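> Kindly return the folded structure for what I paste below:
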Amino acid sequence: MRIIFLSLLFSFAFLICAKTFALDVENPHAFMNDERHTFCHECHANDPNTVISYLDVRLKQPVTASCLKGSEGIGGAQCHSREKLGRTHPTDIEPKKDMKVPEDLHLDENMRITCVTCHNPHGSWTSPIPMVARGSKLIGSDQYRSYFLRRTNVQSMLCYACHFDK
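Residues are numbered from 1 along each chain as shown. Reported below is the predicted structural model:
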């Protein structure tokens, strides 16, 4: 009985430490907000600071390909793997004909859903409100991880912005 108790206690402690470590990480997109704009040219064909609207921003390649910069990443950052991209929602697809995508959920220049439809890669790393159902509160802070979501997805609110018939 004592061994079982100690095993459970050790497992619980391990899970708490692992969750703490996972939530107390640095912003993986910090290089994008460099005041000198050192890395803009890695993804952008034009200077994003000179455009009037996000519709005028041109990328060197499609959005999904920009997120797949390889294992070395941009500026030493770890970029996304093909296996993880599009895992929760398909990307590079057109919305259904009867679907109305809100203006703040950006489509690409070909009017397709991409990673940046729901995620703002230049957005804040933290949020004062939970952005997902199991809000990942940052250790020692009153802030939550934002996952760079454009809107909260607690109770699937982000999903319902387009999929209101569900």
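
> is it true that residue 116 lies in a helix?
Yes: according to DSSP: H, G, I helix; E, B strand; the rest coil, residue 116 belongs to a helix.

> So that it lines up with my notes, have the first residue be 250 from now on.
Taking 250 as the first residue, the last one we looked at is residue 365.

> what's around it, how many residues?
23 (other Cβ atoms under 10 Å). Heads up, the C-betas are built off the backbone N, CA and C, glycines and all.

> what sits against it?
312, 355, 357 (Cβ atoms under 8 Å, 6 or more residues apart in numbering).

> Just the strands from the protein, written as ranges.
In the chain, the segments counted as strands under DSSP state E are 375-376, 393-394.

> Quick check: neighbours of the first one in the sheet, parallel or antiparallel?
Right, strand 375-376. strand 393-394 (antiparallel) (DSSP bridges).

> which residues sit against the partner strand?
272, 374-380, 384-387.

> Could I have the buried ones of those as PyMOL selection syntax?
Selecting only the buried entries of these in PyMOL, with 16 or more other Cβ atoms under 10 Å as the criterion:
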select buried, resi 374+376+379+380+385+387
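
> Using a markdown table, lay out the contacts of strand 393-394 together with distance to residue 400 and pLDDT.
Below are the contacts of strand 393-394 laid out as a markdown table (distance: Cβ to Cβ, whole Å; pLDDT from 0 to 100):
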| residue | distance to residue 400 | pLDDT |
| --- | --- | --- |
| 272 | 21 | 46 |
| 374 | 16 | 87 |
| 375 | 15 | 90 |
| 376 | 10 | 93 |
| 377 | 14 | 94 |
| 378 | 10 | 93 |
| 379 | 12 | 93 |
| 380 | 8 | 92 |
| 384 | 14 | 72 |
| 385 | 16 | 79 |
| 386 | 19 | 86 |
| 387 | 20 | 84 |
